[in-house]
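Novice: okay, predicted coordinates and the sequence, questions at the end:
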Amino acid sequence: MLAGREVLSIDCSGIHSTFEPATSSLHIGEAVQRGQRIGEVAPPKQEDSHMRKGDLHWGAKVSRYRYINPLRMLQGHPRLKTLQ
């Protein structure tokens, strides 16, 4: 939780990625592998009227104040898998 919102944070080789709103069964410090399912998009809170169900904010930063475009980290094409 960050400022009352469900946020998933992952550090990888000096890049800190955040996914919001997201839930996960991962534990702090748990290692993840490429291609591993890390969580699910959570429904937006009522006060987040700018978000629709299924929206995901993805951020990436390399230092406290320096953000990068997270799409630069992807190799190939991104794929979102829907759950039935």
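Specialist: Happy to help now that I have it.

Novice: name the helix or strand for residue 53, please.
Specialist: Following DSSP states H and E, there is no helix or strand that holds residue 53.

Novice: for it, grab the count of nearby residues.
Specialist: Close neighbours of residue 53, defined as other C-beta atoms under 10 Å, add up to 8. For every residue, glycine as well, the C-beta is placed using N, CA and C.

Novice: in which helix or strand does the residue lying closest to it once chain neighbours are set aside reside?
Specialist: When the adjacent residues along the chain are set aside, residue 53 lies closest to residue 43, with 5.8 Å between them (C-beta to C-beta, 6 or more residues apart in numbering). For residue 43, there is no helix or strand it lies in under DSSP H and E.

Novice: from what I can see residue 43 touches residue 22, true?
Specialist: No. Residue 43 lies out of contact with residue 22 (C-beta atoms under 8 Å); the separation is 10.9 Å.

Novice: these two - which one has more neighbours?
Specialist: residue 22 (19 against 15).

Novice: is residue 16 located within a helix, as I assumed?
Specialist: No. Going by DSSP: H, G, I helix; E, B strand; the rest coil, the assignment for residue 16 is strand, not a helix.

Novice: wait, it sits on residue 8?
Specialist: No. The criterion here is C-beta under 8 Å, and residue 16 misses it with residue 8 at 11.5 Å.

Novice: so which of those two has more stuff around it?
Specialist: Per other C-beta under 10 Å, whichever of residue 16 and residue 8 has more neighbours is residue 8, with 21 against 15.

Novice: tell me the contacts of that one?
Specialist: With contact taken as C-beta atoms under 8 Å, 6 or more residues apart in numbering, residue 8 is in contact with 18, 19, 20, 22, 23, 24, 26, 38, 39.

Novice: the first one: how many residues sit nearby?
Specialist: Residue 18 has 16 neighbours, counted by other C-beta under 10 Å.

Novice: read off the pLDDT value for residue 50.
Specialist: pLDDT for residue 50: 68.

Novice: for residue 18, which non-adjacent residue is closest in space?
Specialist: Closest residue to residue 18 apart from its sequence neighbours, by C-beta to C-beta, 6+ apart: residue 59 at 4.6 Å.

Novice: pLDDT below threshold where in this protein?
Specialist: Counting by pLDDT under 70, the low-confidence segments of the chain come to 1-4, 45-51, 77-80, 83-84.
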